[in-house]
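In: predicted model and sequence below, questions to follow.
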Protein chains: 2
Amino acid sequence: MQVLVYGAGQLAQMMYLAGAPLGIEVWAVDVSDKTVVHPVSKKLSDMSLTQAIDAANVLTVEFEHVPEELLEEADRTGKLYPSVDAILVGADRVREKKLLTSLNIPNCPHKIVTHVDQLDECVELLGESLIIKASRDGYDGYGQWRLKSKSGLDDIKQQLAGLDLRAVPLVVEQCIAFDRELSIIGARNQDGDIRIYPLAQNCHHEGQLHVTIAPAPRMSDALQEKANKIFHDLANGLHYTGVLAVELFQVGNDLLVNEIAPRVHNSGHWTLHGADTDQFDNHLRAVLGLALGSTRPLGVSAMVNIIGCSSFSRDLLSLPGCHMHWYGKSVREKRKMGHINVLAESTLALGSTLEKLTQFLPMAHFPVLQSEAEKL
Amino acid sequence: MQVLVYGAGQLAQMMYLAGAPLGIEVWAVDVSDKTVVHPVSKKLSDMSLTQAIDAANVLTVEFEHVPEELLEEADRTGKLYPSVDAILVGADRVREKKLLTSLNIPNCPHKIVTHVDQLDECVELLGESLIIKASRDGYDGYGQWRLKSKSGLDDIKQQLAGLDLRAVPLVVEQCIAFDRELSIIGARNQDGDIRIYPLAQNCHHEGQLHVTIAPAPRMSDALQEKANKIFHDLANGLHYTGVLAVELFQVGNDLLVNEIAPRVHNSGHWTLHGADTDQFDNHLRAVLGLALGSTRPLGVSAMVNIIGCSSFSRDLLSLPGCHMHWYGKSVREKRKMGHINVLAESTLALGSTLEKLTQFLPMAHFPVLQSEAEKL
């Protein structure tokens, strides 16, 4: 069996490594130049993109920002999983919000804005503390803005003045004081079977995921069930095939959907050592129509992203349950270089190993590790 | 880091898959034609053998029967782990027996024979029930013979008459009525650190390993300690670097060494899902001078070899803890095509899953699975 992945980063690499034992051959598309490369070595394949599409049993994606003409070409083959619709939900915040509303899934109060003057109405309806997001990423001048009080409104309006908000609308969200960030990840296969991993707790810093703990500590069955229902509603609502990740805010006993990622997800990397079947394995099984594997956790796991650095002692591998995944990229500020998985028998043991782990790492690059370890 | 493996079968493939996350690039030598190939796709590399040897940080083997001129070339680089001496212990039963004797490690009573007439003395010393083995495999006419009573001696002498027993001596062993077959596998790194996996129980059929259960059921601490001591004595005695496997017979409360394999081993494949760090990962860590990983079992595991068949339902993947490793070879009688790992929370649960597994497999090719499942 052959699978072609749009995107040639670490997620495609981890799909390749999960596929090989199952006899599944995974190839990756470098979408910047439409070449087909080996997902691990990144060496050019002998196949053109057209040949690779023909040879593949299934096409899939490792990220949602695949150029639309490539997605359309993939879609025409009838072999693309998840569907274009599902992928675009992850790439376009307006689609995402409309889906959540139509499925009646709780999310942050928000308005969609196509003209700067509508911002006044937003302040009236949602309050003065707002996050303003471009509906799509990667457009010059677009991004995210933060309104802290009404007095900043004119300044933001000026910044937005030159943008074509009819083409790329804004999603204006109420700032929510959440207790913590969680994610729910699961797989749905072509038969509609669903397997869901336990909720994971995520710690971000400056917009980047740094540490995931899974299963999320101090979690009630009721909250896990709420998350499972959200996953079921979304995956079934989208007729989804593959692994789907949903980022959530916990506010008291409620969960609000923050973001939908139609793919394997950084906050699911703990499953590589910490769950019966890892997310890459289950993604391949799902898109190829194979039986899904158990998502049972094998203990308590942490996933620690290695961001913007490569100089640290490999002796961290001596710690019990400690495993490294290196993505083989050149170092750049803020770049995800790899991650460390730690599997422990108890929350206490995990905290102790994470404390020890800090001794092997340059802590400037791991700003939340110490405090997350202490909380366990 | 780059590692070159002599041998391009499934063991090299599994080393490649264990190495990639650690940023270790593994290449394989097809020893039949001295080409360098990708361990998974088996595609020819751009490198000649000489270039690959130069590029590698470390050379290692996936089997002990590497042609001696290749081993000598590898040895001259100073980068071969384990050493030639250790590899040849696995390839030559006379060396193996001499090592066991010199280290005072219990094994089956035996004699080394260089002339057929010495067989009479063997019968006197060891009894009438004997196994006669060529010291080295793969020589025309050589193999294994079984003496059941003195009356068969003349017949065997005739069969052996044409062989040059000075060049390739025989090892004549007393037939032992053992309780069960076990194996002890561990890793020793360049610093002399040792990590040992729990004893595994092996079930053979017609000379081939069919099922491994690990940790071995109904095992006393005393027996595990005896096995650990044997491992320590052998690994330290050989100044061994890498993963080493030792096949054992359990006779009451004693362990006898049956065979030494200077490499990752089929009876250690359960570690891919069932142990904190798998044997391929630990082998690479050992030969590259990295810290060894924990060998803690994550539950109770079974490894079921898929031998001589490829037609069965992939729905076995729906069973909890069930994972398949496919080696990508064409089907041949008695050929190991892949294996199935099952990880369970208890011996009882493992037995139950193995019972279910029988429903997905053509039982003619899995002659011991049902009975092994029932014993759990």
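Out: Cool, the structure landed.
In: spit out the contact partners of the closest residue to chain B within the stretch 51-200 of chain A.
Out: Nearest residue of the stretch 51-200 of chain A to chain B, counting by Cβ to the nearest Cβ: residue A:193, 8.6 Å away. (Each C-beta comes from the backbone N, C-alpha and C, glycine too.) The contact partners of residue A:193, by Cβ atoms under 8 Å, 6 or more residues apart in numbering or on different chains, come to A:291, A:292.
In: ok, now with 7 Å
Out: Listed by Cβ atoms under 7 Å, 6 or more residues apart in numbering or on different chains, the contact set of residue A:193 reads residue A:292.
In: try the one 4 residues further on
Out: Applying Cβ under 7 Å, 6+ apart, one finds that residue A:197 lies in contact with A:185, A:186, A:268, A:271, A:275, A:295.
In: tell me the secondary structure at the residue lying farthest from the centre of chain A.
Out: For chain A, the largest distance from the centre (Cα atoms, centre = their mean) belongs to residue A:151, which lies 34.3 Å off. At residue A:151, secondary structure determined by DSSP: H, G, I helix; E, B strand; the rest coil is helix.
In: give me the pLDDT for it.
Out: Note on residue A:151: pLDDT of 93.
In: repeat that for residue A:62.
Out: For residue A:62, the pLDDT comes out at 97.
In: show the contacting residues for it.
Out: A:5, A:6, A:7, A:9, A:11, A:12, A:263.
In: ok, back up a step: inside strands: which ones of the contacts of residue A:197?
Out: Counting by DSSP state E, these place A:185, A:186 in strands.
In: next, the nearest residue to residue A:7 once chain neighbours are set aside: phi, psi?
Out: Closest residue to residue A:7 apart from its sequence neighbours, by Cβ to Cβ, 6 or more residues apart in numbering or on different chains: residue A:62 at 3.5 Å. Residue A:62 adopts backbone torsions of phi -100, psi -10, taken as degrees, to the nearest 10.
In: hmm, back to that, who are the contact partners of the residue farthest from the centre of chain A?
Out: Contacts of residue A:151 (Cβ under 7 Å, 6+ apart): none.
In: which residues of the stretch 201-350 of chain A fall in strands?
Out: A:208-214, A:242-251, A:254-261, A:300-307, A:322-326, A:336-344 (DSSP state E, counting those that start in this stretch).
In: those strands into JSON lines, with extra columns for mean neighbour count and distance to chain B?
Out: Shown next, in JSON lines, are the strands of the stretch 201-350 of chain A (neighbours: other Cβ atoms under 10 Å in any protein chain shown; distance: least, Cβ to the nearest Cβ, whole Å):
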{"stretch": "strand A:208-214", "mean neighbour count": "23", "distance to chain B": "16"}
{"stretch": "strand A:242-251", "mean neighbour count": "24", "distance to chain B": "16"}
{"stretch": "strand A:254-261", "mean neighbour count": "19", "distance to chain B": "22"}
{"stretch": "strand A:300-307", "mean neighbour count": "25", "distance to chain B": "11"}
{"stretch": "strand A:322-326", "mean neighbour count": "22", "distance to chain B": "4"}
{"stretch": "strand A:336-344", "mean neighbour count": "23", "distance to chain B": "7"}
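In: residues touching the residue nearest the centre of chain A, list them.
Out: Centroid-nearest residue in chain A: residue A:265, 3.6 Å away (criterion: Cα atoms, centre = their mean). Going by Cβ under 7 Å, 6+ apart, residue A:265 touches A:183, A:185, A:245.
In: what does the stretch 251-376 of chain A have sitting close to chain B?
Out: Taking Cβ under 7 Å from any Cβ of the partner chain as the contact definition, the stretch 251-376 of chain A meets chain B at A:276, A:285, A:290-291, A:293-294, A:296, A:298, A:314-315, A:317-318, A:320-321, A:324-326, A:328, A:343.
In: can you tell me which of the residues you listed are buried?
Out: Among these, those classed as buried by 16 or more other Cβ atoms under 10 Å in any protein chain shown are A:276, A:285, A:290-291, A:293-294, A:296, A:298, A:314, A:317-318, A:320-321, A:324-326, A:343.
In: how far does the top helix by length along chain A sit from the chain's center?
Out: With residue count as the measure and DSSP state H as the assignment, chain A has helix A:221-237 as its longest helix. In terms of Cα atoms, centre = their mean, to the nearest Å, the centre of helix A:221-237 is found 17 Å from the chain centre.
In: now do the helices in the stretch 1-150 of chain A.
Out: A:10-19, A:49-55, A:68-76, A:84-91, A:93-102, A:118-126 (DSSP state H, counting those that start in this stretch).
In: list just the one of those that sits closest to residue B:75.
Out: Of all the helices of the stretch 1-150 of chain A, helix A:10-19 sits nearest to residue B:75, with 31.6 Å by Cβ to Cβ.
In: so for residue B:76, which of the helices of the stretch 1-150 of chain A sits nearest?
Out: Closest approach to residue B:76 among the helices of the stretch 1-150 of chain A is made by helix A:10-19 (33.6 Å; Cβ to Cβ).
In: what does that closest one rub up against?
Out: With contact meaning Cβ under 7 Å, 6+ apart, helix A:10-19 is reached by A:3, A:5, A:25-26, A:28, A:39-40, A:62, A:263-264, A:278, A:280-281, A:283-284, A:327, B:17, B:20-21.
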